[in-house]
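Chemist: Next one to model:
(one chain, ligands or ions: 1)
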Amino acid sequence: MTGKILQGLKKFLSLRSLQARFFIIMLVAGIVPSIVMRYGILASYEERSVQNRISNVQNQLMIVGNHLISNNYFNTKPEGYNGGVSREVIDAELGMISDLYEGRVMIINSSLKVVKDTYGISQGKTIISEEVIKCFRGENVSNYDKEHGYIEMTTPIIDTSANSSVIVGVMLTSISSDAITATLTVLDRKASILGNLMLVGTMAMAIILSFLLTRPFNRVTDAINEVNAGYSNERISVPDYAETVHIVDAFNQLLERMRALDTSRQEFVENVSHELKTPMAAIKVLADSLLTQQDAPAELYREFLVDIASEIDRENRIITDLLALVKMEKKARELNIVSLNVNDLVELILKRLRPLARKKDVEVVFESMRPVMAEVDEVKMSLIMTNLVENAIKYNKEHGWVRVELDADYQYFTFKVSDSGLGIPADSLAHIYERFYRVDKSHSREIGGTGLGLAITKSAVLMHRGAINVTSVEGEGSSFTVKIPLICSTAG
Ligand code: ADP
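Modeler: Numbers count the residues shown, from 1 in each chain. This is a model prediction of the structure:
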């Protein structure tokens with residue numbers, strides 16, 4: 001149990017686990033927007049506050065600026081008096097603005113001389129600053145220096161008494177931004193507390209969700225493990241997600257294939273045992289009957305021994321065919337490809353089988369449409385051709401015929417064996433390639449069939465990526481056609 005937890009933890013930390021990935025994705029999806037929002041809101045609050053402050057101060061300075069013009073401030077001596085409003089009143093207005101915004105206002109005339117400084121430091125001095133010159137040119141400037149905590153701005157003093165507006169002076173103001181910074185600090189602290197709470201909440205949610213979302217996959221693993229351990233043999237079902245349904249479907253199909261394979265293997269073993277036992281049983285009966293008969297004549301011994309020898313031959317044939325079949329399946333991927341003259345091979349096989357045909361007086365003819373060269377496995381090709389021609393002779397009538405045809409196109413060659421034999425009943429056609437299947441068991445036994453010939457043939461054809469087809473009419477004859485690629489690759 002602890003090992004399982006440790007293994008799970010290791011998988012989680014190596015990020016190979018789906019749960020870890022879910023967790024991280026959800027955490028990132030939950031936290032990143034809140035961080036972006038936090039800094040975005042704070043930055044926009046700061047920008048808006050600075051803008052507000054600038055426009056408030058600018059408005060008030062404009063009013064003061066108008067007073068300056070209407071009172072001809074630039075042309076009066078500090079103690080002068082003009083048109084009812086004394087210079088002190090304007091100075092007091094400026095002083096009030098500076099106090100209110102914790103700042104400093106300097107009034108600069110067109111010869112860049114400071115005519116008023118609320119700090120009283122630079123009065124009478126000439127100021128050459130880029131901002132002031134820009135302002136005289138009609139360009140309003142405002143700077144926010146966050147590091148040092150102040151906002152600097154220029155305000156033009158415009159004389160509109162003449163026909164056109166003329167900038168006769170500039171107010172250079174710097175005000176403190178400490179209030180904004182203080183509010184920002186408070187807001188930042190609150191946002192940070194909220195952010196941390198959200199982080200904890202998101203983490204908890206990410207853990208719970210990643211656990212819940214991956215649970216169906218754990219259920220799939222558990223179900224497969226149960227089948228694997230042999231506790232269950234049922235089809236498994238985890239319908240939570242489309243993905244789990246796909247995985248489970250694929251697993252169920254695999255399970256069914258394995259079961260089918262298992263059944264077919266069992267059947268095969270049963271068939272093999274049965275087939276091998278039949279000649280043994282016959283031998284046993286023959287031997288027993290000789291043993292029970294006292295003073296049996298020598299001819300009877302001889303007769304029975306001939307039968308025993310033929311049963312042993314049969315047993316031998318079955319074992320040889322079985323070995324050929326097993327070898328073929330074991331070496332399914334191994335084809336010994338050689339460049340082969342197919343016409344020569346057919347001639348050779350027919351020569352070997354002619355004595356068998358002669359025994360039944362079956363005429364064998366070979367029609368070759370063209371010389372065929374192919375890259376195939378010679379031994380397996382020879383097995384295919386021998387089995388088909390041998391069957392055509394074996395399951396023929398006396399004085400019948402067998403026709404072997406060979407043809408090719410640019411991709412395939414076709415080898416066709418037709419006979420005038422017994423034919424195969426329609427309902428047996430689908431089974432003739434099965435191992436140990438025989439249409440007429442007793443007849444097949446009589447003529448030495450094992451029921452494995454066509455299984456071996458089909459397996460060899462498929463190994464060459466070819467195809468085998470049969471047409472047959474019961475009582476009239478059959479025709480087997482094999483189509484093989486001229487060039488067989490060993491790959492796959
Ligand atoms: P066997 O060793 O018994 O011949 P095969 O696998 O070669 O086994 O053939 C399976 C069965 O198909 C045979 O028992 C036979 O009944 C039938 N069969 C095969 N070839 C022919 C044919 N040319 N004509 C009639 N029946 C055939």
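
Chemist: Enumerate the residues of the stretch 301-450 of the chain near the ligand.
Modeler: 387, 391-392, 395, 419, 421-424, 432, 437-440, 444, 449-450 (CB under 6 Å from any ligand atom). No exception for glycine: its C-beta is placed from N, CA and C like everyone else's.

Chemist: Need the buried ones from the residues you listed selected in PyMOL.
Modeler: Selecting the buried subset of these in PyMOL, with 16 or more other CB atoms under 10 Å as the burial test, is done by:
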select buried, resi 387+391+392+395+419+421+422+423+424+432+437+438+439+444+449+450
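
Chemist: Could you list which of the residues of the stretch 301-450 of the chain next to the ligand belong to helices?
Modeler: Judged by DSSP state H, these include 387, 391, 392, 444 as members of helices.

Chemist: Now these in CSV, please, with extra columns for pLDDT.
Modeler: Converted to CSV, those look like this (pLDDT from 0 to 100):
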residue, pLDDT
387, 94
391, 95
392, 96
444, 71
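
Chemist: returning to what we had before: out of the residues of the stretch 301-450 of the chain next to the ligand, which are inside strands?
Modeler: Mapping these onto strands (DSSP state E) picks out residue 419.

Chemist: which element is the residue nearest the centre of the chain on?
Modeler: The residue lying closest to the centre of the chain (CA atoms, centre = their mean) is residue 243, at 11.6 Å. Following DSSP states H and E, one finds residue 243 within helix 242-292.

Chemist: From the contact counts, what lies against that helix?
Modeler: helix 178-229, helix 298-330 (3 or more CB pairs under 8 Å, 6 or more residues apart in numbering; DSSP states H and E).

Chemist: Below-threshold pLDDT in the stretch 1-150 of the chain: ranges please.
Modeler: 1, 4, 8, 11-14, 76-86 (pLDDT under 70).

Chemist: measure stretch 107-114 end to end?
Modeler: Criterion CA to CA, to the nearest Å; first-to-last residue distance in stretch 107-114 is 6 Å.

Chemist: Could you pull out the buried residues of that stretch?
Modeler: Quick answer for stretch 107-114 (16+ other CB under 10 Å): 107, 108, 109, 112, 113, 114.

Chemist: helix/strand/coil for the spatially closest residue to the second one that is not a sequence neighbour?
Modeler: Think residue 108. Distances taken as CB to CB, 6 or more residues apart in numbering put residue 170 closest to residue 108, at 4.8 Å, once the chain neighbours are dropped. Look at residue 170: counting by DSSP: H, G, I helix; E, B strand; the rest coil, its state is strand.

Chemist: what are the bridge partners for residue 170, then?
Modeler: Beta bridges link residue 170 to residue 108, residue 156 when assigned by DSSP bridges.

Chemist: neighbours around it, how many?
Modeler: Counted with other CB atoms under 10 Å, residues neighbouring residue 170 total 27.

Chemist: do you know how far it is from residue 148?
Modeler: Distance from residue 170 to residue 148, counting by CB to CB, to the nearest Å: 22 Å.

Chemist: so how far is residue 401 from whichever residue of the stretch 301-450 of the chain sits closest to the ligand?
Modeler: Closest to the ligand within the stretch 301-450 of the chain is residue 449: 2.4 Å, counting by CB to the nearest ligand atom. Between residue 449 and residue 401 the distance is 21 Å, computed by CB to CB.

Chemist: Adding distance to residue 135, write the buried residues of stretch 107-114 out as JSON lines.
Modeler: Below are the buried residues of stretch 107-114 laid out as JSON lines (distance: CB to CB, whole Å):
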{"residue": "107", "distance to residue 135": "12"}
{"residue": "108", "distance to residue 135": "9"}
{"residue": "109", "distance to residue 135": "12"}
{"residue": "112", "distance to residue 135": "11"}
{"residue": "113", "distance to residue 135": "15"}
{"residue": "114", "distance to residue 135": "14"}
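
Chemist: Quick check: the farthest pair among those?
Modeler: Greatest spatial distance among these (CB to CB): 107 and 112, at 11.5 Å.

Chemist: thought residue 290 was touching residue 304?
Modeler: Yes - here residue 290 reaches residue 304: they are 5.4 Å apart, a contact under CB atoms under 8 Å.

Chemist: Looking at those two, which has the bigger crowd around it?
Modeler: Applying other CB under 10 Å to residue 290 and residue 304 shows that residue 304 carries more neighbours, namely 18 against 15.

Chemist: Which residues are in contact with that one?
Modeler: 286, 287, 289, 290 (CB atoms under 8 Å, 6 or more residues apart in numbering).

Chemist: ranges for the helices of the stretch 1-150 of the chain?
Modeler: 2-13, 18-70, 87-100, 130-136 (DSSP state H, counting those that start in this stretch).

Chemist: Which one of those lies nearest to the ligand?
Modeler: helix 18-70 (51.4 Å).

Chemist: Just want the angle from the closest one to helix 178-229.
Modeler: If you take axes from the mean of the first three to the mean of the last three CA atoms, to 10 degrees, helix 18-70 sits at 170 degrees to helix 178-229.

Chemist: which helices and strands sit right next to helix 18-70?
Modeler: Judged by 3+ CB pairs under 8 Å, 6+ apart, the packing partners of helix 18-70 are helix 2-13, helix 87-100, strand 103-109, strand 150-159, strand 166-176, helix 178-229.

Chemist: now with 7 Å?
Modeler: Under the contact criterion of 3 or more CB pairs under 7 Å, 6 or more residues apart in numbering; DSSP states H and E, helix 18-70 touches helix 87-100, strand 150-159, strand 166-176, helix 178-229.

Chemist: picking that back up, make a markdown table out of the helices and strands packed on helix 242-292 and add mean pLDDT.
Modeler: Shown next, in a markdown table, are these (pLDDT from 0 to 100):
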| stretch | mean pLDDT |
| --- | --- |
| helix 178-229 | 90 |
| helix 298-330 | 89 |
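
Chemist: how about these, which one is nearest residue 236?
Modeler: Of all these, helix 178-229 sits nearest to residue 236, with 4.0 Å by CB to CB.

Chemist: okay if I get the helices and strands packed on helix 242-292 as JSON lines plus distance to residue 363?
Modeler: Shown next, in JSON lines, are the helices and strands packed on helix 242-292 (distance: least, CB to CB, whole Å):
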{"stretch": "helix 178-229", "distance to residue 363": "59"}
{"stretch": "helix 298-330", "distance to residue 363": "26"}
